[in-house]
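> Okay, structure incoming, though there's no sequence with it:
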């Protein structure tokens, strides 16, 4: 296990940076984020067809490229660096992972090739108006009805929920509580009874939606895996998503640092570059410490994520490996969230007035940093998870 | 995350482990875990003897080339050794300044006669060294040092004062930065002299510090003498030599230090479980945070060790700032976890508990060996290329 990027990973990074520097420039981000969909379909098509990113972590058996979290790592850093507007996180980091962790063979066959080909997007709908991120968030119910189920409930904060083609819905057996009784369902977004509403957000680069399930009838084969045993694979899916998000945060934080440093070298006040003043230097030094430390945390989580994914085929990782991965993922999310937010805030401060304008990209990072802090659980939430794993 | 070891490295680890276990079970058993920072006075004579026993067994200076009495240990072996040493509770080493600072300097800058005279006795543990750098008017601004050395016949005669000199009372020799050309600009005109400590021209005045102990001393040179040829790296080239010394630290001790920190944290976690502090939601957050940050410290070190190609990697640059602040925060956390009990000392007149020593001593961590402010300047200038202060 090495905490350094291989040549292949470096190459992936370079390719991603080349593409995103052109196609996810601040102007293009500004245009994409102002649409309700939240991304440019033509660019997404190119991402799918020319770069094959949605296929990256899909096994070759399902017409994917067959790589994993290690290779996803540099890609996520670059998406963070360029505040990419795409349904990538929802489709790949949530949807694909849910199918890999929980899906039946038939479900994987039905959906993964279409996602790999860029013909379908997906997301996970498990959060609800309570705003919680643990199993107690799930109040929606799945009631047996004939051969299938009826889903009722109100999902909220669903990433790209208004645009995704496929929803992975978490619902519980009536009367069940906590991690028991949770099932996951594959639900095409067009299923009768599903109402999806876009929710305007402060961070316009990551879209959220309300998903109301009003007596949605799904067949028995929509259940992913064992009915009632859906929390464990969902938790694993979320740990994988959190790991990817941490990498994205590292990229965002580093972009903030670089923008601030470049500006501090050229902006002159009192007859000298502001970067020659210790007040500015020390801010930048602290940012560098945070960026590199965040990178260590996120890289390590990605290594354990890779091991967890590899173990999926062999009946899942051991309890010890699962706990180690959960701890690494939560540690990375807690640390990288705060590192990114700190760097995004300091970047605005170092830029001064220009950093407060819409014209400058600093606000894109600041808002993305803020929304990412909350997404999939706050730093405090993840520290509490680490505390529990420490038997405190 | 564990080090990846080859069979040979594993064999070396087992050999070290067995030797330490045997030695620290016998007449040196009382030294286990003693003599570290804040506890430097403990059993001096026994620890000097311990250093000689280590030397006789070939465990001092393992990273020195074989030609200079070492084992030519690789970085990994050095890391392994230090981890084992800490894990076994090896006592604070009185000879570490000679081993880690002077020795490498002599190997790099010393002449053959100096190497032959001094290195064997550092390796054997027979001679103890101290460092004469800081002065009352030369702290962070080290080049402002005022101690002077004049050549009188075949001897240098020193006048001046050093301060914060660790190990001074037990040292046989001191490497001293002294001004040998009073007319040269600040950074020129300094020489790196090797000065015997046990002579009439030297007075040592211990400095009682915040912990009540006296691990540092003032050293007064009043006509102290050393032979003409004991200049390292040439007359008036001492600044280059002193700065070069800083670059020799390749991080071999960093994992051992983290092991010490882990031991400290484990004790506080145990205390938190015992006294109920672990159920306090705020303290749970801080304990988890301390654990997360310590893990990241280790990951940063692993990246630094994997990346020895770079002249000075970013991970190496941030290391001191990171660990010193972690340790300082940890000291405060330890006090908060212990609560009312944190005030009670071990015994009268002023014997402090381990937690109190850590809490107080950590205030020096962010000051010595380059204060946090100097570290941030270095990170900003060397790591980020920000411009230097105009007047430096």
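Ah, there it is. Keep in mind that this is a model prediction, so the values were computed, not measured.
> contacting residues for residue 120?
Answering for chain A, as no chain was given. If you count contacts by Cβ atoms under 8 Å, 6 or more residues apart in numbering or on different chains, residue A:120 has them with A:91, A:111, A:114, A:165-166. From N, CA and C alone the C-beta is placed, and that goes for glycine too.
> sorry, should have said chain B
Taking Cβ under 8 Å, 6+ apart as the criterion, residue B:120 is in contact with residue B:69.
> cool, residue A:183 as well?
Taking Cβ under 8 Å, 6+ apart, we find residue A:183 in contact with A:142, A:149, A:170-173, A:223-224, A:227-230.
> my guess is it is in a strand, correct?
Yes - secondary structure assignment (DSSP: H, G, I helix; E, B strand; the rest coil) places residue A:183 inside a strand.
> Let's see the pLDDT reported for it.
According to the model's per-residue confidence, residue A:183 sits at a pLDDT of 98.
> for it, which residues make a bridge with it?
Using DSSP bridges, the bridge partners assigned to residue A:183 are residue A:171.
> now the stretch 101-250 of chain B, which segments are flagged as low pLDDT?
B:246-250 (pLDDT under 70).
> Which residue ranges of it form helices?
Per DSSP state H, counting those that start in this stretch, the stretch 101-250 of chain B has helices spanning B:103-109, B:112-123, B:238-248. These are given in chain order.
> Give me the contacts around stretch B:138-150.
Contacting residues not belonging to stretch B:138-150 are listed as B:132-135, B:137, B:156-162, B:176-180, B:182, B:186-187, B:190-191, B:193, B:221, B:239, B:242, B:370-371, B:373-374 [Cβ under 8 Å, 6+ apart].
> rerun that using 6 Å as the cut-off
When contacts are defined by Cβ atoms under 6 Å, 6 or more residues apart in numbering or on different chains, stretch B:138-150 is touched by residues B:135, B:137, B:156-160, B:177-180, B:186-187, B:193, B:371, B:374.
> now do stretch B:24-34
For stretch B:24-34, contacts defined as Cβ under 6 Å, 6+ apart pick out B:42, B:50, B:88-89, B:91.
> now, which of the residues you listed sits nearest chain A?
Using Cβ to the nearest Cβ, residue B:89 is the member of the contacts of stretch B:24-34 that lies nearest chain A, at 23.4 Å.
> tell me the SS of the closest one?
When classified by three-state DSSP, residue B:89 comes out as coil.
> check contacts around it.
By Cβ under 6 Å, 6+ apart, the residues touching residue B:89 are B:32-33.
> again, only this time at 7 Å
B:24, B:32-33 (Cβ atoms under 7 Å, 6 or more residues apart in numbering or on different chains).
> and the chain, what are its domains?
You didn't pick a chain, so chain A it is. When chain A is parsed with automatic domain parsing, its domains come out as A:7-121, A:123-224, A:231-389.
> nope, chain B please
Chain B resolves into domains spanning B:7-94, B:129-236, B:253-383 when parsed by automatic domain parsing.
> State the mean pLDDT of the longest one.
Predicted confidence along domain B:253-383 averages 92 (mean pLDDT).
> Quick one: end-to-end length of that domain, please.
Start to finish, the residues bounding domain B:253-383 are 22 Å apart (Cα to Cα, to the nearest Å).
> Tell me how far that domain lies from the chain's centre.
Counting by Cα atoms, centre = their mean, to the nearest Å, domain B:253-383 is centred 16 Å from the centre of its parent chain.
> Ok, the shortest one next?
Here the centre of mass of C-alpha atoms in domain B:7-94, compared against the chain's by Cα atoms, centre = their mean, lies 15 Å away.
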